[in-house]
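> got a predicted structure plus its sequence, pasted below:
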Amino acid sequence: MNSRRNFFRASAAGLFGAALVSRVQAASLPEAPLRDKPDMAPPLEPSNGRPYQPVATLNGWTLPWRMKNGWKEFHLVAEPVRRQIAPGMTAHLWGYNGQSPGPTIECVEGDRVRIFVTNKLPEHTTIHWHGILLPSGMDGVGGLTQPHIKPGQTFVYEFEMKKSGTFMYHPHADEMVQMAMGMMGFFVVHPKDPQFMRVDRDFVFLLNAFDIDPGAFTPKVNTMLDFNLWCWNSRVFPGIDHFVVRKDDRVRIRFGNLTMTNHPIHMHGYDFEVTCTDGGWVREAARWPEVTVDVAIGQMRAFEFVASEPGDWAIHCHKSHHTMNAMGHNVPTMIGVDQRGVVKKVIDLVPDYMVMGERGMADMGEMEMPLPDNTLPMMTGAGQFGAIEMGGMFSVVKVREGLARDDYKDPGWYRHPSGTVAYALKGAAPRAARSPARGPKPGERVVRARKPNGHGGQK
Ligand SMILES: [Cu+2]
């Protein structure tokens with residue numbers, strides 16, 4: 001934190017806007033906590049102010065605040081960050097307080113909130129508070145409602161939280177670049193009455209996407225639609241935290257979409273109801289059961305269910321190319337094509353050449369190709385029964401009996417009661433079910449077998 005203190009000392013004299021200095025003394029800036037790890041911090045129990053049930057931010061954290069003369073004060077620092085997208089790949093992004101997305105901001109309906117925003121980016125920025133009802137001049141649209149926050153400047157946003165709900169924050173300045181670089185965060189306003197819409201576990205994450213060439217570190221910021229890393233909180237499977245849930249807990253999962261396309265989010269094992277959008281709570285008579293909920297660009301959806309069914313339940317975007325990591329979409333479909341002759345000739349010239357997809361692409365989930373540094377396999381992850389063959393927007397809801405109230409640790413894979421797992425019919429020849437194309441001969445397919453990347457620390 002020392003370097004940050006020096007920064008404020010050095011900048012207090014000359015860089016702050018005159019309006020700011022007259023209202024809030026630079027010396028009274030709150031600390032701007034930093035986070036350098038991509039794992040989930042435990043929910044931050046409020047140590048002052050109105051009581052509430054805090055949220056759990058997947059692969060993220062909640063920004064601590066201080067109370068000052070009845071105001072809840074937060075300090076966001078917009079800055080370049082390094083974010084581990086999953087073990088094996090780190091990206092150079094822009095974010096807030098050391099990470100992308102920025103920390104979740106949590107407060108309570110009726111709170112008066114003061115947010116200091118310091119710009120340590122190489123270009124100007126602002127913050128727009130998506131969905132929050134506030135004075136027009138606090139809305140954060142550069143040029144329209146405020147001057148841009150220039151590099152080195154700190155601006156102050158002040159507003160009262162008129163209603164509870166789930167909101168987001170992101171820049172409204174050079175927006176395409178700054179969002180493509182990872183600048184965004186969640187903003188949760190809890191109800192004044194802690195019993196209203198009370199749940200036991202409350203998860204939040206943002207859907208975001210990057211276009212990073214294999215081997216590169218920095219996203220291509222001009223990409224319109226063809227992103228290749230589909231993320232939850234700037235993480236992809238198998239780097240996304242699991243949703244660890246105690247049996248019979250009432251669970252809420254909230255997600256906001258700041259990508260450039262829609263995502264039908266599908267959860268296995270349960271039906272659920274959408275109880276909140278970025279416009280506010282959905283009244284009971286207006287809800288209906290679903291197992292997939294589409295979230296359009298710029299929207300937020302929160303659904304709830306009672307975790308009555310133990311197990312490992314997949315949760316993922318239902319666009320199947322969004323559960324893949326960086327890949328060449330231009331690879332032709334080779335299913336059913338006999339490549340024997342061609343492959344032999346190519347291998348003479350290119351010893352590392354890989355035959356791709358003669359029988360589908362499932363082989364790629366087990367036998368990972370040699371990859372450039374800082375790149376993730378397209379299909380990866382291992383479960384207790386084999387390769388999961390996923391990437392991108394995929395995680396697991398792990399419902400277990402007997403967890404402590406505050407236990408979010410990965411409990412390992414589900415122990416299925418005997419007789420409850422799909423099984424192979426005895427006596428049937430497994431190869432008969434495969435395509436008539438013959439299997440690869442030893443040495444023909446030159447993929448290097450590598451231990452699949454499991455989700456860290458499975459027991
Ligand atoms: Cu998707």
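Happy to help now that I have it.
> elements contacting the longest strand belonging to the chain?
Counting residues, the longest strand found in the chain (DSSP state E) is strand 71-86. Strand 71-86 makes packing contacts with strand 66-68, strand 89-96, strand 112-119 when contacts are defined by 3 or more Cβ pairs under 8 Å, 6 or more residues apart in numbering; DSSP states H and E. (Glycine included, C-beta is placed from N, CA and C.)
> other SSEs contacting the first one?
What that stands for is strand 66-68. Where contact means 3+ Cβ pairs under 8 Å, 6+ apart, strand 66-68 is packed against strand 71-86.
> between the two ends of stretch 177-189, how far is it?
The separation between the terminal residues of stretch 177-189, taken as Cα to Cα, to the nearest Å, is 28 Å.
> model confidence over it, on average?
Per-residue confidence for stretch 177-189 averages out to 96 on the pLDDT scale.
> any buried residues in it, and which?
Within stretch 177-189, the residues that qualify as buried by neighbour count (16 or more other Cβ atoms under 10 Å) are 178, 179, 180, 181, 182, 183, 184, 185, 186, 187, 188, 189.
> shouldn't residue 396 be within a helix?
No - under DSSP: H, G, I helix; E, B strand; the rest coil, residue 396 falls outside any helix and is assigned strand.
> what does the model give it for pLDDT?
Here, the pLDDT recorded for residue 396 equals 97.
> now residue 458
Predicted confidence (pLDDT) for residue 458: 36.
> how about the residues of the stretch 301-450 of the chain near the ion?
Proximity of the stretch 301-450 of the chain to the ion, by Cβ under 5 Å from the ion, involves residues 317, 319, 322.
> again, only this time at 6 Å
Where the stretch 301-450 of the chain comes near the ion, counting by Cβ under 6 Å from the ion, the residues are 317, 319, 322, 393.
> neighbour-wise, which of those leads?
Looking at those with neighbours defined as other Cβ atoms under 10 Å, the largest count falls to residue 393 at 28 neighbours.
> leaving out sequence neighbours, find the closest residue to that one.
Nearest residue to residue 393, sequence neighbours excluded (Cβ to Cβ, 6 or more residues apart in numbering): residue 317, at 3.8 Å.
> ok, the one you found touching residue 259?
No - contact criterion Cβ atoms under 8 Å: residue 317 and residue 259 do not qualify, at 9.8 Å.
> what's the overlap in contacts for these two?
Contact with both residue 317 and residue 259 is made by residues 207, 230, according to Cβ atoms under 8 Å, 6 or more residues apart in numbering.
> which stretches of this structure aren't confidently modelled?
1-27, 327-347, 349-370, 428-459 (pLDDT under 70).
> what ranges do the helices span in it?
For the chain, the helices defined by DSSP state H occupy 2-14, 18-23, 175-180, 340-349, 363-366.
> returning to that earlier point: out of the residues of the stretch 301-450 of the chain next to the ion, list just those in strands.
Those of these mapping onto strands are residue 317, per DSSP E.
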